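Peer 1: Fold the following for me, if possible:
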Amino acid sequence: MNESQQQNIYRCLSQLLDYPTPNLVAQTQTCIELLKISYPKTVLPMEGFLKAIESTKFGRLEEIYTGTFDISPACHIYAGHILFGESFKRGRFMAELTEEYQKRHFELGKELADYIPLLLKFLCTLDSKESIAQDLLNECLIPVFEKMNDNFKDESTNPYVPVLRTVSVVLQG
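Peer 2: Below you'll find the predicted structure:
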């Protein structure tokens, strides 16, 4: 798989982990198509996610997302919160991320620097051989997704579990 394909997968996964939009079904379908090429073992679980979101009213999807990523501290959508809790270390981590974003003219938008979908989008802009990309993967994203996934049993009915498991596979792949 080339660098561009990997970046497209990161971008797709970042969209699925962002707050749901009416485009979620189409985004998931695109993601599944990309995963078929390089991560075929993730396709079946992601098709389960697709079926779940297709059969769930949009308002309910928003509630599920909020319950999964905003209310549950064990599966928070902010990497620094998962890694450091509400501590000085999280603040330093966010300041360092913001500095890296500024150096590379990467726009934060309205989100905090440690917002996981934003981190995945930032990863799309990096060459995988750069030390910042390796550090972001090995010291931040992989451990974060390991912790998030540890909070869900394999038989969990939460529709986001396949997405979390898939992100882990892709990050480690």
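
Peer 1: which intervals of the chain have sub-threshold pLDDT?
Peer 2: 1, 73-74 (pLDDT under 70).

Peer 1: how about the helices in it?
Peer 2: Secondary structure of the chain (DSSP state H): helices at 3-17, 24-38, 43-54, 58-65, 79-84, 88-103, 116-124, 131-135, 142-150, 161-172.

Peer 1: With distance to residue 71 and mean neighbour count added, can I get these in CSV?
Peer 2: C-beta here means a position set from N, CA and C on the backbone, and glycine is covered the same way. Formatted as CSV, the helices of the chain follow (distance: least, CB to CB, whole Å; neighbours: other CB atoms under 10 Å):
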stretch, distance to residue 71, mean neighbour count
helix 3-17, 16, 19
helix 24-38, 19, 17
helix 43-54, 19, 16
helix 58-65, 10, 15
helix 79-84, 13, 21
helix 88-103, 19, 14
helix 116-124, 16, 22
helix 131-135, 30, 12
helix 142-150, 14, 17
helix 161-172, 16, 20
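
Peer 1: Can you give me the first-to-last residue distance of stretch 78-95?
Peer 2: Distance across stretch 78-95, first residue to last, is 14 Å (CA to CA, to the nearest Å).

Peer 1: just to revisit the earlier point, output the helices of the chain in CSV; the columns should cover distance to residue 110.
Peer 2: Converted to CSV, the helices of the chain look like this (distance: least, CB to CB, whole Å):
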stretch, distance to residue 110
helix 3-17, 15
helix 24-38, 20
helix 43-54, 24
helix 58-65, 17
helix 79-84, 17
helix 88-103, 13
helix 116-124, 10
helix 131-135, 23
helix 142-150, 21
helix 161-172, 23
